[in-house]
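> sharing a model that was predicted from the sequence below.
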Amino acid sequence: MAALICEVVYRGIFQKNLAARIARGIVLSARKSGRWGIAFGRYGDSPQRNGIPAKDFAIVADSKEELEQNMARYEPKHTDVTIVLDDTLAKGVESWAWYGLQPINRLTVPHGTVLMTSLQSFDELLKDIHKKDAIYTLALVRARASFSGLWVYREDHTEVRILGALARIAPSFLTLDGVGQAIKEIEWGSDLKVESAKKAYGRIETREVKITEGSAEIPFSFGLPKWWEMREGVTIPAIPVGKPKEGGKGYVPERNPYFKKYTSRTMRPVIDFDKCVKCTLCWIQCPDSCFDVMPDGTYDANMEACCGCGVCEAVCPVEQCITMVNESLFEDNASQWEMWRTDKDRYQAWMAGKIGDKVATVRSHGFRFRGQYEQELKRDLDTGGVEITAGIPGENAQHKTV
Amino acid sequence: MAETTTFTNATQILEPFRGVKKVTIEEYFTSGHRTCQGCESALVMKLMVKAAGPRTIVLGSTGCMYVANTTYYTTPWVVPWMHTQLGSSGSAALGTAAGLKALMRKGKMKAEPINVIAFCGDGGGADMGIGAISATLTHKEYNSLILLYDNESYANTDIQISGMTPFGAHTTFSPPGRAKRIMHTRWKKNMAGMMAAGHPECRYVATVCASYAVEMMNRVRRALTIGGPTFIHSLDPCPKGWDYDPMLSHELGELAIETGLFPLYEVEDGQVRYYGKTKAIVEGRARKPVREYLLKQGRFAHFTEEDLAYFQRKVDAMWQTWEIPAVVPFKRLDATKSALGAT
């Protein structure tokens, strides 16, 4: 008698369909391997928002009875395999207010596995992942984070590569043969995808993580309100109005202290304060009010409030004044303006290093124009990536001119 | 003899912001809301209360801007805010305005002009709440603003069709298939035009888009200054339901205006006044083709040339055949025209 409990941690909406395919794929592969399974989403993540971390679960068991035993839970308290579909989630996740920062490996059992899609090295990732008081395995599938939207799916084989890798991690529950049969049968499957799963099975990279390894950051946390504090018609104190930055100049708004939103971020703005013309557009167009007004009239993005949408870069009229950079290149949420004020030359050097990294700055999170995913996948193929299959659901390709 | 006069309460006089540098620096809707990356509706909330100022009460019917903005016993609101049911933004606005007026008349609170703003989504406003909004717009003794933030679907509950969803869009209720491509064949309601045409004593109706922040805020300030019930319709690009990169939120708002799909205008005391890029279109600037707008969104990814052409024809008709272009679709008969002496 045994069960395999998996969680799939993903970016809300951007990876919703991807995570659902993986969770369902695990169950179907389990059936083909002679096991029983169930897949379900975390109720508390609904309604989902773009970028906000969310979870799906898949449970595989030897028998129906054991599966039912595992189903009699609201959500699993521990998981054998934590599947992470974007490596910037390694910094921890926060789904709702009061939730605090939850380390990505929090539910992983001792000697369990964190399976992640990433192009980073193990050492780089372990700067982000919090320390755990038990040994576990970090397993990597070498792939860029696969982002798309609700309606147009990006057919880059990420779902089958995860399934292939999982067959290697938990062979007593999912056989590679069973995974292959499931992929062939499923409506989005193909022979090519079976090949991709087999390749991922062979190419998975693993490393054991010791209890001394990982980020030493203490994740922020809150005390949840008790049940007797939750009443009908309750009144919540409003946020105070904020105050000048310093010396009566500038302005820093007060912010919701119980929800920080920065774990939604996959990119962050890097600002060249020397180039800023103080036009106010980033400040006025930011939906999250994350820009603080500095005493000199420039705008500093507060890194606890910024969720990385990129609107500021889009509206900024000055070239390379605001540049969105992959979140994985940063260690903390420190103020860029303070760094710039302290030492302008050092800041310029730091900034050049961040925005000069072209691999890291190019990070698309969604649909920009029709035909974009096909173009990107073709480019990937030209540089040694997987072959693509036609795949916009409901698309009548023969009638279409892009 | 009982008094029968209907008087309008004094309102705050909110002069238009003369340029982006003159905009209020304080935030009355701040960070810490659980909205999507690049959520234009959150931006509308922020700009709406920035324009209205601190002496404002905000009422919100169910929708994204309720659920996301009150994540688990917390709030990003600086001004007082209250939740109301899906279809009752109009009732809440009227009731709050009437309550304030009664309390002030009875001396139970200091008499001062307080802005009352009720917001609703397109589902709560254009579908469920339209009756209550309509009723409120006939009560000219009470000062209130109803702001409809229109992201063109029930976005909170994962994108179902509303009366404001555009033709052909992919939603949970209208997934395109191989046998049948277009599953949503209805054209979107014309809310602002309907409200302006149908409520002769409502003094101010406007359409806004948050991509033009200062112009948007000045419409809110005008609506609050003029008094009586007023209505504003805001078009909000929605990265979740429209399926685009959140970075494009601002650009899609601009494209909706520049293609002529969503006109910017205000109707003040019956006078239609176009403004911004829409004014330029009325004065002769060419509209951009709608395909530039449609093909940036995943919800229209299944469109063929035929669908794009149909969409363009419908937009062209708004500008070429409507009596008041892009505002109301009436057409006068030639006989009526000559009888009225019009040319």
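Arrived safely.

> measure stretch A:128-144 end to end?
Terminal residues of stretch A:128-144 lie 17 Å apart, using CA to CA, to the nearest Å.

> buried ones in it, by neighbour count?
By neighbour count on 16 or more other CB atoms under 10 Å in any protein chain shown, the buried set for stretch A:128-144 is A:128-132, A:136-141, A:143-144. From N, CA and C alone the C-beta is placed, and that goes for glycine too.

> same deal with stretch B:313-332?
Per 16+ other CB under 10 Å, stretch B:313-332 contains these buried residues: B:315, B:318, B:322, B:324-328.

> CA atoms only: put that stretch into CSV for me.
Backbone C-alpha positions of stretch B:313-332 (Å, rounded to 0.1, in the frame of the first residue of the first chain) are rendered in CSV as follows:
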residue,chain,number,x,y,z
ARG,B,313,-17.8,46.8,-41.3
LYS,B,314,-19.7,47.0,-38.0
VAL,B,315,-17.3,49.7,-36.7
ASP,B,316,-17.5,51.6,-40.0
ALA,B,317,-21.3,51.6,-39.7
MET,B,318,-21.0,53.2,-36.3
TRP,B,319,-19.2,56.1,-37.8
GLN,B,320,-20.9,56.4,-41.2
THR,B,321,-24.5,55.6,-40.6
TRP,B,322,-25.4,56.6,-37.1
GLU,B,323,-27.2,59.9,-36.6
ILE,B,324,-24.7,60.9,-33.9
PRO,B,325,-21.6,59.0,-35.0
ALA,B,326,-20.5,56.3,-32.5
VAL,B,327,-22.8,57.6,-29.8
VAL,B,328,-26.4,56.7,-30.8
PRO,B,329,-27.5,54.5,-33.7
PHE,B,330,-30.7,56.3,-34.6
LYS,B,331,-31.3,57.4,-38.1
ARG,B,332,-33.9,60.0,-38.9
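
> next, count neighbours for the closest residue to residue A:146 other than its chain neighbours.
Leaving aside its sequence neighbours, residue A:146 sits nearest to residue A:158 (CB to CB, 6 or more residues apart in numbering or on different chains; 4.1 Å). Using other CB atoms under 10 Å in any protein chain shown, the number of residues around residue A:158 comes to 23.

> show me the contacts for residue A:158.
Counting by CB atoms under 8 Å, 6 or more residues apart in numbering or on different chains, residue A:158 touches A:18, A:85, A:117, A:143, A:146.

> list the contacts of the closest residue to the fourth one other than its chain neighbours.
With sequence-adjacent residues excluded and distances taken as CB to CB, 6+ apart, residue A:143 is closest to residue A:117, at 4.4 Å. Listed by CB under 8 Å, 6+ apart, the contact set of residue A:117 reads A:84-87, A:140-146, A:158, A:161-162.

> mind checking which of the buried residues of stretch A:128-144 are in strands?
A:136-141 (DSSP state E).

> turn those residues into JSON lines, columns for pLDDT and distance to chain B.
Formatted as JSON lines, those follow (pLDDT from 0 to 100; distance: CB to the nearest CB, whole Å):
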{"residue": "A:136", "pLDDT": "98", "distance to chain B": "30"}
{"residue": "A:137", "pLDDT": "98", "distance to chain B": "32"}
{"residue": "A:138", "pLDDT": "98", "distance to chain B": "27"}
{"residue": "A:139", "pLDDT": "98", "distance to chain B": "28"}
{"residue": "A:140", "pLDDT": "96", "distance to chain B": "26"}
{"residue": "A:141", "pLDDT": "94", "distance to chain B": "24"}
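
> can you count the residues close to the residue of the stretch 51-200 of chain B found nearest chain A?
Nearest to chain A, among the residues of the stretch 51-200 of chain B, is residue B:176, at 3.6 Å (CB to the nearest CB). Counted by other CB under 10 Å, the residues lying close to residue B:176 total 24.

> swap in residue B:165?
So residue B:165, with other CB under 10 Å, has 28 neighbours.
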